[in-house]
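>>> Next input, structure requested:
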Amino acid sequence: MPTATQVEGLQTGNGVLANIADKFSPRMMVYLGIMGVLAYLTLGPLLFLLWDSFHPGWEIGDQVPFTFASYVKVFADPKIGEMFWNTAVFGIGATVLAVGLGSFFAWLVERSNMPFRNVTYALLFAPVAIPGLVFAISYILLLSPDIGVLNNLLMTLFGLEEAPLDVYTMTGLIFVEGIRLTPGAFLMMAAVLKSMDPSLEEAAYTTGAGILRTSRVITAPLMLPGILAAGIYYFITVIESFEIPAIIALPIGMQLLTTKIFFATHTTTQMPQYSVAAAVSIIFVVLSVLLIYLYTRATKHSERYTTITGKAYRPRIIDLGRWRYAAVGFTTVFFAFSVIFPLLVLIWGSMLPYLQPPSLSALSNASFEGYHNLGRIPQFGLALRNTVYVTFIVATGTMILSSLAAWFVVRAKIRGGRYMDLLTFLPHAIPSIVVAVGLIILYLRINWLIPVYGTLWIIIIGLITKRISYGSRIMIGAMFQLHKELEEASEVCGVGWLKTFCLITLRLLVPAFVNGWLYSAMLSIALFTIPVMLYTPRSLVFSVLIWNLWEQAKVQDACVVGVIMVSITFTLVFLGQYFASKAKVRESLT
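Purely as a prediction, here's the structure:
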């Protein structure tokens with residue numbers, strides 16, 4: 001018989017073998033692989049960007065010692081002050097407009113008795129389906145002093161000699177960007193109002209306080225954390241925006257930080273100044289981190305704003321009286337300027353050989369010839385094929401990676417799980433144009449190892465990097481709502497982890513997966529900044545094709561491709577809403 005010492009040694013040996021087996025189990029290997037991919041996608045471009053900003057020319061193999069020359073060149077630019085000022089005014093103005101309108105519409109939908117509230121909620125989603133580049137072009141066709149359809153109509157009706165409206169101003173830039181971002185701000189503020197106990201507001205009403213005073217003294221302060229969150233989020237979104245400034249600001253020579261980065265990497269008179277672009281990009285990242293830090297400081301004592309308790313509550317619907325119809329009218333005007341007018345002028349422009357104000361004579365020249373002759377648009381077939389490839393690969397890759405990361409964040413009890421959560425969220429704080437510059441430098445340097453520079457794959461990598469934060473938030477939220485008893489039952493039956501994940505977990509998460517896939521697909525088609533920074537003639541996609549056609553003054557062709565692009569994105573948004581509603585119905589039945 002074995003002695004006690006021998007038994008103890010055998011048990012110790014088995015424990016060591018078990019630990020080794022656990023460390024090299026399929027689940028652990030997948031975890032390490034996912035961590036490696038996320039670190040490569042998010043930290044790789046940032047680190048190369050930081051290094052290149054202090055070593056000019058390093059991305060092409062030059063051996064340059066550590067220097068601040070790139071930052072000196074940035075701040076020595078005589079227009080740098082103007083760039084910072086324009087960026088700040090643009091960011092603050094568009095953010096105030098978007099969050100202000102979003103909060104107002106959220107209050108109307110969630111707190112008032114405005115007619116057609118459910119219809120309003122659905123219609124406010126519509127502008128999301130219009131890509132920013134197409135939205136900006138639509139407003140040029142509407143409000144340009146020279147060719148603007150709305151300006152021409154106003155001049156004809158009122159006998160004006162000059163155009164009353166001009167989109168080529170800072171005000172026009174702020175207006176277009178603010179209108180475009182209002183639907184997202186509305187969703188954020190509606191969520192805040194839904195989860196806020198209205199008892200304090202009702203107490204104010206019972207004391208005789210009016211709607212305006214109650215909103216100013218009670219509602220607005222309670223919404224402060226949500227307003228700060230939306231404000232910081234959209235300020236970062238606005239200052240990183242390039243598609244709207246590219247169409248509206250560049251023609252009048254208005255300089256922003258994003259245009260500085262673009263021209264540093266796209267110059268026809270000298271070698272691209274990647275280190276200067278890297279320096280400006282690092283300034284962007286520092287600014288984003290600072291804003292997030294200020295937000296956490298401002299909302300540190302969040303218990304001050306707590307209104308939800310264990311008591312049930314139902315929001316009181318405020319009677320607007322005769323102002324109900326004014327609210328409907330204002331909502332209709334917003335919908336007209338955010339969806340109807342841009343789409344109508346885009347369709348109108350696609351049907352005419354040259355843009356002209358609506359009239360009977362112009363209508364006689366309208367035709368669908370632009371759609372019948374798509375083949376004559378240079379590189380349309382290539383752009384369509386590349387767009388399909390990019391959309392499918394980015395949406396599928398993003399959601400598979402997000403699903404695996406969500407499982408490890410929520411389910412796995414692995415040390416360092418919070419770092420995976422951080423890596424999935426990090427791209428959200430990095431502007432798209434910064435991601436693009438980081439990828440340029442990264443793949444210029446390691447093109448001998450991973451030859452994707454100048455191909456469609458570098459665009460795919462950039463889009464997956466930006467979309468992973470959204471996809472992971474969707475899947476993490478869905479994973480928290482999914483009980484793990486079925487997974488445990490599968491494990492007890494001896495089914496491996498990967499098979500359980502594919503056959504049980506992922507199938508239960510299909511509604512969230514499909515919604516995330518559709519939204520990622522829509523953004524893959526609509527996003528412009530990363531493709532325009534990374535494309536070559538072989539990797540042309542729809543958004544860049546529209547930009548090129550517009551730059552070549554081929555207005556009808558740009559409008560035709562824009563209408564096709566919007567039709568695809570609207571279809572994806574409709575499908576997303578359909579599957580989301582079906583999922584809600586199933587939840588209510590169960």
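>>> hey, let's count contacts and neighbours off CA atoms from now on
Will do.
>>> As a check, name the ranges of all strands in the chain.
Remark: no strands are assigned in the chain by DSSP state E.
>>> Sketch out the low-pLDDT regions of it for me.
1-24, 194-225, 268-269, 295-316, 416, 486, 580-590 (pLDDT under 70).
>>> Let me see the domain layout of it.
Here the domain parsing of the chain from automatic domain parsing is 23-58+379-590, 79-366.
>>> Which among those is found nearest to N373?
With CA to CA as the measure, domain 23-58+379-590 is the member of those nearest N373 (9.8 Å).
>>> circling back: format the domains of the chain as TSV; extra columns: mean neighbour count and distance to V72.
Formatted as TSV, the domains of the chain follow (neighbours: other CA atoms under 10 Å; distance: least, CA to CA, whole Å):
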stretch	mean neighbour count	distance to V72
domain 23-58+379-590	19	11
domain 79-366	18	9
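>>> Need the ones you listed in JSON lines (columns: distance to H372).
As requested, the domains of the chain are exported to JSON lines (distance: least, CA to CA, whole Å):
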{"stretch": "domain 23-58+379-590", "distance to H372": "10"}
{"stretch": "domain 79-366", "distance to H372": "11"}
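>>> Show me what the helix ranked longest in the chain is packed up against.
Assignment by DSSP state H gives helix 555-589 as the longest helix of the chain. Judged by 3 or more CA pairs under 8 Å, 6 or more residues apart in numbering; DSSP states H and E, the packing partners of helix 555-589 are helix 341-350, helix 369-372, helix 510-526, helix 542-551.
>>> For Y389, find the nearest of those.
That would be helix 510-526 among those, by CA to CA, at 10.3 Å.
>>> roughly how far apart are G562 and L545?
10 Å (CA to CA, to the nearest Å).
>>> Repeat that for R117.
Taking CA to CA, one finds R117 at 38 Å from L545.
>>> now the nearest residue to L423 once chain neighbours are set aside: how far from S520?
If the residues on either side of it in the chain are set aside, L423 comes closest to L38, at 6.2 Å by CA to CA, 6 or more residues apart in numbering. Distance of L38 to S520, computed by CA to CA: 17 Å.
>>> now swap in L43 and tell me
From L43 to S520 the distance is 22 Å (CA to CA).
>>> V37 too?
According to CA to CA, V37 and S520 sit 19 Å apart.
>>> Correct me if wrong: P353 contacts Q556.
Yes: assessed by CA atoms under 8 Å, P353 is found in contact with Q556 at 6.1 Å.
>>> what does stretch 95-115 contact?
If you take CA atoms under 8 Å, 6 or more residues apart in numbering as the criterion, stretch 95-115 is touched by 117-118, 120-121, 174-175, 178-187, 189-190, 193-194, 227, 230-231, 234-235, 238, 315-320, 324-325, 327-328, 331.
>>> Which ones among these map onto helices?
Using DSSP H, the members of the contacts of stretch 95-115 that fall in helices are 117-118, 120-121, 174-175, 178-187, 189-190, 193-194, 227, 230-231, 234-235, 238, 324-325, 327-328, 331.
>>> Tell me how far P427 lies from G132.
20 Å.
>>> again, but for V99
V99 is 18 Å from G132, by CA to CA.
>>> what about the closest residue to I80 other than its chain neighbours, neighbour count?
Distance criterion CA to CA, 6+ apart; nearest residue to I80, sequence neighbours excluded, is V74 at 7.1 Å. When counting by other CA atoms under 10 Å, one arrives at 17 neighbours for V74.
>>> And for F75?
Count around F75 with other CA under 10 Å applied: 12.
>>> so P511 sits right up against F579, yeah?
Yes: using CA under 8 Å, P511 is in contact with F579, at 6.8 Å.
>>> Give me the distance between the two termini of stretch 248-265.
20 Å.
>>> From what I see, I393 and I460 are in contact.
Yes: using CA under 8 Å, I393 makes contact with I460 at a distance of 7.3 Å.
>>> so how far is A279 from H266?
The spacing between H266 and A279, counted by CA to CA, is 16 Å.
>>> The closest residue to F48 other than its chain neighbours and G33, how far apart?
Ranked by CA to CA, 6+ apart and with sequence neighbours excluded, the top spatial neighbour of F48 is L442, at 5.8 Å. Here L442 is placed at a distance of 20 Å from G33 (CA to CA).
>>> same thing with I400?
From I400 to G33 the distance is 13 Å (CA to CA).
>>> before we move on, what about T332?
T332 is 50 Å from G33, by CA to CA.
>>> ditto for Q273
To G33, Q273 is 35 Å away according to CA to CA.
>>> now swap in I261 and tell me
Taken as CA to CA, the span from I261 to G33 is 33 Å.
>>> Likewise for V563?
Relative to G33, and taking CA to CA, V563 is found at 41 Å.
>>> Over to N151?
For N151 relative to G33 (CA to CA), the value is 57 Å.
>>> now swap in Y371 and tell me
Counting by CA to CA, the gap from Y371 to G33 is 46 Å.
>>> Please apply the same query to T171.
48 Å.
>>> Please apply the same query to V72.
Remark: distance between V72 and G33 (CA to CA) = 40 Å.
>>> can you pull out the helices in the stretch 51-200 of the chain?
69-76, 80-111, 117-123, 132-143, 149-158, 170-194, 199-206 (DSSP state H, counting those that start in this stretch).
>>> helices and strands around the first one, which ones?
Identification of packing neighbours for helix 69-76 by 3+ CA pairs under 8 Å, 6+ apart yields helix 26-54, helix 274-298.
>>> quick one: the shortest one to chain centroid distance?
Okay, so that is helix 274-298. The chain centroid and the centroid of helix 274-298 are separated by 18 Å, computed with CA atoms, centre = their mean, to the nearest Å.
>>> ok, and what's touching that helix?
Outside helix 274-298, the residues within contact range by CA under 8 Å, 6+ apart are 49-50, 52-57, 59, 70-71, 73-74, 225, 228-229, 232, 236, 257, 260-262, 264-265, 429-431, 433-434, 437-438, 441.
>>> Kindly recompute the last result at 6 Å.
With CA atoms under 6 Å, 6 or more residues apart in numbering as the test, helix 274-298 has contacts from L49, D52, S53, P56, S70, Y71, I261, A264, T265, V434.
>>> Need the nearest residue in space to the fourth one, chain neighbours excluded.
Leaving aside its chain neighbours, P56 sits nearest to S275 (5.0 Å; criterion: CA to CA, 6+ apart).
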